[in-house]
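[1] Provide a 3D model corresponding to the input given below.
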Amino acid sequence: MAETRSLLEDLPKAGTDQHLASNVAAGHLALVPTWLPLDVASGPSSSSAGSGGDGISEGVISSNALAVFTPSNAAIAGPHSSADAFQGNDALINQHPTEMAGIGGNGGSGNVAIGGGDGANHAGSGGNGLFYGGLVSTEVALFAPVNTAVAAGPGATAHAEQSNNALFLQGATQIGGMGGSGGDHNVASHGPSISPGTALTLTGDFYAGHGGDGYFVGSMVDVSIAIFSPINIAIGAAGGSAEAHQTNNVIFDQGSVQIAGIGGNGGGFNLSSDTIFTGNHAGGGGGVGSSAGSMVDVNFGYFHPINIAVPAGGTADAQQIDHVLYDQHALQLAGIAGHGGEGNLTDAHSALVDDILAFMHS
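    A predicted model of the protein is given here:
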């Protein structure tokens, strides 16, 4: 049953905070309604408005991709006959995984958090990102086209043409332990005192538009393997004629991006205010970036073209054209603090003189 109390007194109750300033300030918190029982509403008061949630991940995220592309084209002609074989292949093999874990949410904008000064007060702050474990990615791609022309016997004609275009995307994007960015135009402050001088000292934490911290503990491993082995064969038996033409255009993109332990950027035009302050105090500050562990990127590219012409008493023509591009770049970022915002204000002593004079005359 709700208890009717005077605003000028707080009756002692077991399990509740007996400090007058703390109890009255808690009564101004939107997150701690005054109608709750005192044993529920007691303790250090905290307030949060528009702040991003924390992202926490523990364990191993693994991605394993395997792609095999082996087209075969053959033209075989017996005595006094002819054979033509034409083959064109276009392959796009996308093995690009994206692994993200432990990402804090971004803080909102235009929020106000008013607290009692003994707890944490956040307005538009980015959430923390924590990752413990491993991000593992392995990609394997095999491209082995075969083109064969065989003229077996007199008067035989064999003609085989093969054209292959292949694009392999094997690069991985791995992100772990990133703090969310702080919002803009937020205010974190304390509530009004019941009388002059009663809230001279505040021990809580005030954050407005502060970037979240990013922590990464573990390992990032990306292994990319690409094998390209085209085979082109022309065999002309006695009195026969064989032609084998093969053209291959291949791109292997094995570039990877690994990002770990990045602090969120601070927002702009935020206000953090109090009187005498003993806790943490930040407005639009960048988050801490911390990374402990290893980043491993292994790229393996194997190119082995085979072109064979066998004139066994006849004529054989084998032509092979190969264009290959391997992109094995890596971008690795770890332990980077967030940028501070602009146009922010931390006001820790604006009401100090007024509070002291009012306290002396009370």
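
[2] which residues does G289 contact?
    G289 makes contact with G179, D213, G214, G261, I262, G263, A334, G335, I336, A337, G338 under the criterion Cβ atoms under 8 Å, 6 or more residues apart in numbering. Using the backbone N, CA and C atoms, a C-beta is placed for each residue, glycine as well.

[3] swap that for A318, sorry
    If a contact means Cβ under 8 Å, 6+ apart, then A318 has A149, N232, I233, A234, E243, A244, H245, N307, I308, A309 as its contacts.

[4] same thing but 7 Å
    When contacts are counted by Cβ atoms under 7 Å, 6 or more residues apart in numbering, A318 is found next to N232, I233, A234, A244, N307, I308, A309.

[5] Sketch out the low-pLDDT regions of the stretch 151-300 of the chain for me.
    Low-confidence segments of the stretch 151-300 of the chain, defined by pLDDT under 70, span residues 189-207, 269-285.

[6] Okay, helices next: where are they in it?
    Using DSSP state H, counting those that start in this stretch, the helices of the stretch 151-300 of the chain do not appear at all; there are none.

[7] Strands of that one, start to end?
    Taking DSSP state E, counting those that start in this stretch as the criterion, the stretch 151-300 of the chain carries its strands at 157-169, 173-178, 187-190, 201-202, 205-208, 214-228, 231-236, 241-253, 256-262, 271-273, 276-277, 281-283, 289-303.

[8] Tell me which of these is the most buried.
    Comparing these by mean neighbour count (mean count of other Cβ atoms under 10 Å), strand 205-208 ranks first with a mean of 30.

[9] so which strand or helix has V140?
    For V140, the element it lies in under DSSP states H and E is strand 129-143.

[10] Now the element after the helix or strand where Q320 lies, going C-ward?
    Applying DSSP H and E as the criterion places Q320 in strand 315-327. Scanning forward in sequence from strand 315-327, with DSSP H and E defining helices and strands, the next element found is strand 330-336.

[11] how big is the angle separating that next one from strand 214-228?
    Direction vectors for strand 330-336 and strand 214-228, defined by axes from the mean of the first three to the mean of the last three Cα atoms, to 10 degrees, enclose an angle of 170 degrees.

[12] Name the residues of strand 330-336 that are buried.
    Residues of strand 330-336 classed as buried by neighbour count (16 or more other Cβ atoms under 10 Å): A330, A334, G335, I336.
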